[in-house]
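S.K.: What would the 3D arrangement of this be:
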Amino acid sequence: MLVHAPAAKVWELVSDIQLPARFSTEFQGADWLDSPGEGARFVGRSKHKAFGEWQTTCTITDYDPDHVFAWRVGTEDEPSARWRYSLDTSGDSTLLTYWMRMGPGWSGLCVAIERMPDKESRIIARRLEEMRTNMTATIAGIRELAES
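M.R.: Residues are numbered from 1 along each chain as shown. The predicted structure is shown next:
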């Protein structure tokens, strides 16, 4: 998404681990366990009508101010997910990309599929749509804040 604001302003927003809670129906907020930076950890809180409430420990895997903010959920060898904001400067604007990858580690998605293996395709499609909706709302919210 193109944001008509400099990367430094966009970075302030994407590196605020509380901010996505303003726009997501699932993510409820997070708290740093360490000082922000590569290798730092935070605990994220989420809530979903089918999965209930849970917390996960996340680790910053890439922290390059004005360029990349990325983290994994869970362990290095078996993360349940990886998330990443990338910022690419173009003049006075910033191209903001928000990306995630599920697995290979265990997650609530695995539990749902294990309970209803015959509905695996529908479960995955629905979960991806929920994530896409929340991620789109988050980057739209970041754009609105950065451009105001």
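
S.K.: now for the helix ranked longest in the chain, which elements pack on it?
M.R.: Scanning the chain for the helix with the most residues, using DSSP state H, yields helix 120-147. Secondary-structure packing of helix 120-147 (3 or more CB pairs under 8 Å, 6 or more residues apart in numbering; DSSP states H and E): strand 2-3, helix 7-14, strand 93-102, helix 108-115. Using the backbone N, CA and C atoms, a C-beta is placed for each residue, glycine as well.

S.K.: go again using 6 Å as the cut-off
M.R.: In terms of contacts (3 or more CB pairs under 6 Å, 6 or more residues apart in numbering; DSSP states H and E), helix 120-147 is packed against helix 7-14, strand 93-102, helix 108-115.

S.K.: Would you mind finding the most buried of the ones you listed?
M.R.: Among the helices and strands packed on helix 120-147, ranked by average contacts under mean count of other CB atoms under 10 Å, first place goes to helix 7-14 (a mean of 20).

S.K.: rewinding a little: residues of the longest helix of the chain that come out buried?
M.R.: For helix 120-147, a neighbour-count test (16 or more other CB atoms under 10 Å) marks Ile123, Arg127, Met131, Asn134, Met135, Thr138, Ile139, Gly141, Ile142, Arg143, Leu145, Ala146 as buried.

S.K.: if I read this right, the last one contacts Ala5, doesn't it?
M.R.: It stands for Ala146. Yes: under the criterion of CB atoms under 6 Å, Ala146 makes contact with Ala5 at 3.8 Å.

S.K.: Could you count how many residues lie near Gly91?
M.R.: Using other CB atoms under 10 Å, Gly91 has 7 neighbouring residues.

S.K.: hang on, the earlier thing: got the angle between the longest helix of the chain and strand 93-102?
M.R.: 150 degrees (axes from the mean of the first three to the mean of the last three CA atoms, to 10 degrees).

S.K.: Dead centre of this protein: give me the residue that sits there.
M.R.: By CA atoms, centre = their mean, the chain has its centre lying nearest to Trp83, at 4.8 Å.
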